[in-house]
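*Asks:* My questions concern the predicted model and sequence given below.
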Amino acid sequence: MDKKLEKYIEEKNSGKETFVQMLLRLIDEKNLTDVQIYKRANLDRKYFSKLRCDINYKPKKTVVCALALALELDNATCKKLVKKAGYILTSANKFDLTIRYCIENKIYNLYKVNELLLQQGQIEL
């Protein structure tokens, strides 16, 4: 690999929290357990364990949104978590708008969120 590119990447990433690190920190800050979060997010234990073991893991956008809902994040923190995974919730997409609506209106129950997504013709979390 090009040495200049390696140095550039190292400088830009230096000291920055990854998605997984932020997720684990938020779980701890909210005094929740991994089990509570992966069950709320409708994820299985093996998947969550895989995520936990790789600090650079990048899950699908739907998984990130399910985890944000499971953590019952506010709008600002949700945006930061989603961004850490390399995504954004846009105003041009029904899925994104539905997730934003749920976060802003404190609708964190995944079954209710999925019901709203299905009403909009979107995929379930």
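*Replies:* Good, I have the coordinates. Residues are numbered from 1 along each chain as shown.

*Asks:* Low-confidence ranges, the chain, go.
*Replies:* 1, 11-15 (pLDDT under 70).

*Asks:* Could you pull out the helices in it for me?
*Replies:* 3-13, 19-29, 34-40, 45-53, 61-70, 75-84, 94-104, 110-119 (DSSP state H).

*Asks:* helices or strands up against the shortest one?
*Replies:* Helix 34-40 sits against helix 45-53, helix 61-70, with contacts defined as 3 or more C-beta pairs under 8 Å, 6 or more residues apart in numbering; DSSP states H and E. Yep, even glycine has a C-beta here, placed from its N, CA and C like the rest.

*Asks:* Of the helices of the chain, which is nearest residue 125?
*Replies:* Proximity to residue 125 (C-beta to C-beta) singles out helix 61-70 among those, at 4.3 Å.

*Asks:* Give me the packing partners of the closest one, helices and strands only.
*Replies:* helix 34-40, helix 75-84, helix 94-104, helix 110-119.
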